[in-house]
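S.K.: Provided below for reference: sequence and predicted model.
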Amino acid sequence: MTNKIFMLLTFIGVPLSIIGTLLHWSSILLFIIYCLTIIALASYMGRATESLAIVAGPRIGGLLNATFGNAVELIISIFSLKAGLVGIVLASLTGSVLGNLLLVAGLSFFVGGLKYKRQEFNIYDARHNSGLLMFAVMIAFVIPEVFSMNMNEDKKLTLSVGISIILIILYLAALFFKLVTHRGVYQHDTENVVHDEEAPEWGKGKAIAVLAIATVAVAYISEHLVHTFEVVAESFGWTEMFIGIIIVAIVGNAAEHASAVLMAFKNKMDIAVEIAIGSTLQVAMFVLPVLVIISLFFETSMPLLFSWQELIAMVSSVLLMVVISNDGESNWFEGLTLIAAYVILGIGFFLL
């Protein structure tokens, strides 16, 4: 039923997006159409990566899902940078970190916990990811803000680029560690369980083709979506920060939201956790640093500097997630706790 709704939204939304853009429809109407269409296209990206994940295993599958899920946000962010909307880009990436750690993981734990009293995932991966999360947010994000207080703009940008290069190198090293040198060393019992020999929905060729077509469509719509932000913000009284942290982040991560919750409902917690935490790490250690470097080629460069509200929100989310996930188990109450934290932060950013 859900797939049919997304199919209908896609086949109606894509033509309407093109027609509305050419005929210059109302920015608010176009904003709604663009967001719904991107979410529908993200569902196809999620289904395609899920098909590939069944063949590749939980780690590769989670990585693929996170990568193509973040591709939507990366595309939106690049066009936002091109338009000079640096504040929205930083806010959307903050929202992605908060959304993945609190909303995606929270919904996964909650929905899975309603069906199963106690769910387990790889405790070794959880602890490994916790260390990287602490490094990425509490070192790589907080340190630039502290040290840049007495720096001019050029030095701030130089510091940001240097940290970005280190983050990218460390992220690639982390992938090499998990997928090559220590693959299978920290195995978990649940990874050996066969889940009813599930067959992929689509073959490898079709899944890759769907991913490619959906990504191109998302790129086209995203380019026009960013031009509606100012009008929408003025019309609803929303701040640039709220649009980035809540609206853009939810739209950009729609594929991951759906996939992670579905995996948790099927008791495939290794994949669900890899999607939620792995996606956060990819945003913090790869997507954001890449955007900092890409911004050097645009008129407005983007230093790796967040507001104190954004930093405190991200640090609090990381600490909460580390405490909850470090035992390698989850239940519905832990999921509800994460969701409650996300709602509290959402109210704060809305009223800011």
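M.R.: On my side now, so go ahead.
S.K.: number of nearby residues for residue 320?
M.R.: For residue 320, the tally of surrounding residues (other CB atoms under 10 Å) stands at 18. The C-beta positions use only the backbone N, C-alpha and C, and glycine is treated the same way.
S.K.: What distance do you get for it to residue 80?
M.R.: The gap separating residue 320 from residue 80 is 28 Å, by CB to CB, to the nearest Å.
S.K.: all strands of the stretch 1-150 of the chain, in order?
M.R.: Secondary structure of the stretch 1-150 of the chain by DSSP state E, counting those that start in this stretch: the strands cover 119-120.
S.K.: An error on my part: the question was meant for the stretch 251-352 of the chain.
M.R.: Under DSSP E, counting those that start in this stretch, the stretch 251-352 of the chain gives strands at 329-330.
S.K.: Tell me where it is predicted with low confidence.
M.R.: Counting by pLDDT under 70, the stretch 251-352 of the chain contains low-confidence ranges at 252-256.
S.K.: And the helices in it, which stretches?
M.R.: In the stretch 251-352 of the chain, the segments counted as helices under DSSP state H, counting those that start in this stretch are 254-265, 269-282, 288-294, 308-325, 332-351.
S.K.: And for the stretch 1-150 of the chain?
M.R.: Chain-ordered helices for the stretch 1-150 of the chain, with DSSP H, counting those that start in this stretch as the definition, fall at 2-23, 27-56, 58-82, 86-98, 105-115, 123-133, 142-147.
S.K.: can you give me the offset of the third one from its chain's centre?
M.R.: Counting by CA atoms, centre = their mean, to the nearest Å, helix 58-82 is centred 7 Å from the centre of its parent chain.
S.K.: just the first one next, same as before
M.R.: Relative to its chain's centre, helix 2-23 lies at 23 Å (CA atoms, centre = their mean).
S.K.: Return that helix as PDB; C-alpha atoms alone will do.
M.R.: Output for helix 2-23, consisting of C-alpha atoms alone and laid out as PDB, is shown next (Å, rounded to 0.1, in the frame of the first residue of the first chain):
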ATOM      1  CA  THR A   2       2.800   2.400   1.000                       C
ATOM      2  CA  ASN A   3       4.700   1.600  -2.200                       C
ATOM      3  CA  LYS A   4       1.700   2.400  -4.300                       C
ATOM      4  CA  ILE A   5       1.300   5.800  -2.600                       C
ATOM      5  CA  PHE A   6       4.900   6.600  -3.200                       C
ATOM      6  CA  MET A   7       4.600   5.500  -6.800                       C
ATOM      7  CA  LEU A   8       1.600   7.700  -7.300                       C
ATOM      8  CA  LEU A   9       3.400  10.700  -5.700                       C
ATOM      9  CA  THR A  10       6.400  10.100  -8.000                       C
ATOM     10  CA  PHE A  11       4.400   9.800 -11.200                       C
ATOM     11  CA  ILE A  12       2.300  12.900 -10.300                       C
ATOM     12  CA  GLY A  13       5.000  14.900  -8.500                       C
ATOM     13  CA  VAL A  14       7.800  14.800 -11.100                       C
ATOM     14  CA  PRO A  15       5.700  16.200 -14.000                       C
ATOM     15  CA  LEU A  16       4.000  18.700 -11.700                       C
ATOM     16  CA  SER A  17       7.500  19.900 -10.500                       C
ATOM     17  CA  ILE A  18       8.600  20.400 -14.100                       C
ATOM     18  CA  ILE A  19       5.400  22.200 -15.200                       C
ATOM     19  CA  GLY A  20       5.200  24.300 -12.000                       C
ATOM     20  CA  THR A  21       8.800  25.400 -12.400                       C
ATOM     21  CA  LEU A  22       8.300  26.400 -16.100                       C
ATOM     22  CA  LEU A  23       5.000  28.200 -15.400                       C
END
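S.K.: sorry, back to before: among the helices of the stretch 1-150 of the chain, which one carries the weakest average confidence?
M.R.: Set side by side, the helices of the stretch 1-150 of the chain differ in mean pLDDT, and helix 58-82 is lowest with a mean of 75.
S.K.: so what does that helix touch, helix or strand wise?
M.R.: Using 3 or more CB pairs under 8 Å, 6 or more residues apart in numbering; DSSP states H and E as the contact test, the elements touching helix 58-82 are helix 27-56, helix 86-98, helix 204-225, helix 249-252, helix 254-265, helix 269-282, helix 288-294.
S.K.: Please find the angle between the direction vectors of it and helix 269-282.
M.R.: With axes from the mean of the first three to the mean of the last three CA atoms, to 10 degrees defining the directions, helix 58-82 sits at 30 degrees from helix 269-282.
S.K.: can you start the count at 787 instead of 1 from here on
M.R.: Yes, from this point I'll number from 787; that puts the last item at helix 844-868.
S.K.: before we move on, back to that, mind checking which of the helices and strands packed on helix 844-868 is nearest residue 968?
M.R.: Among these, helix 1055-1068 comes nearest to residue 968, with 15.1 Å by CB to CB.
S.K.: OK, contacts around the spatially closest residue to residue 1018 that is not a sequence neighbour?
M.R.: Nearest non-adjacent residue to residue 1018, counting by CB to CB, 6 or more residues apart in numbering: residue 817, 5.0 Å away. Contacts for residue 817 were tallied using CB atoms under 8 Å, 6 or more residues apart in numbering; they are 1011, 1014, 1015, 1017, 1018.
S.K.: Please pick the buried ones from the residues you listed.
M.R.: 1011, 1014, 1015, 1018 (16 or more other CB atoms under 10 Å).
S.K.: ok, of those residues, which one's closest to residue 840?
M.R.: Residue 840 lies nearest to residue 1011 out of these, by CB to CB, at 31.6 Å.
S.K.: hang on, the earlier thing: with secondary structure and distance to residue 872 as new columns, can the contacts of residue 817 be given to me in JSON lines?
M.R.: Converted to JSON lines, those look like this (DSSP: H, G, I helix; E, B strand; the rest coil; distance: CB to CB, whole Å):
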{"residue": "1011", "secondary structure": "helix", "distance to residue 872": "17"}
{"residue": "1014", "secondary structure": "helix", "distance to residue 872": "18"}
{"residue": "1015", "secondary structure": "helix", "distance to residue 872": "12"}
{"residue": "1017", "secondary structure": "helix", "distance to residue 872": "19"}
{"residue": "1018", "secondary structure": "helix", "distance to residue 872": "18"}
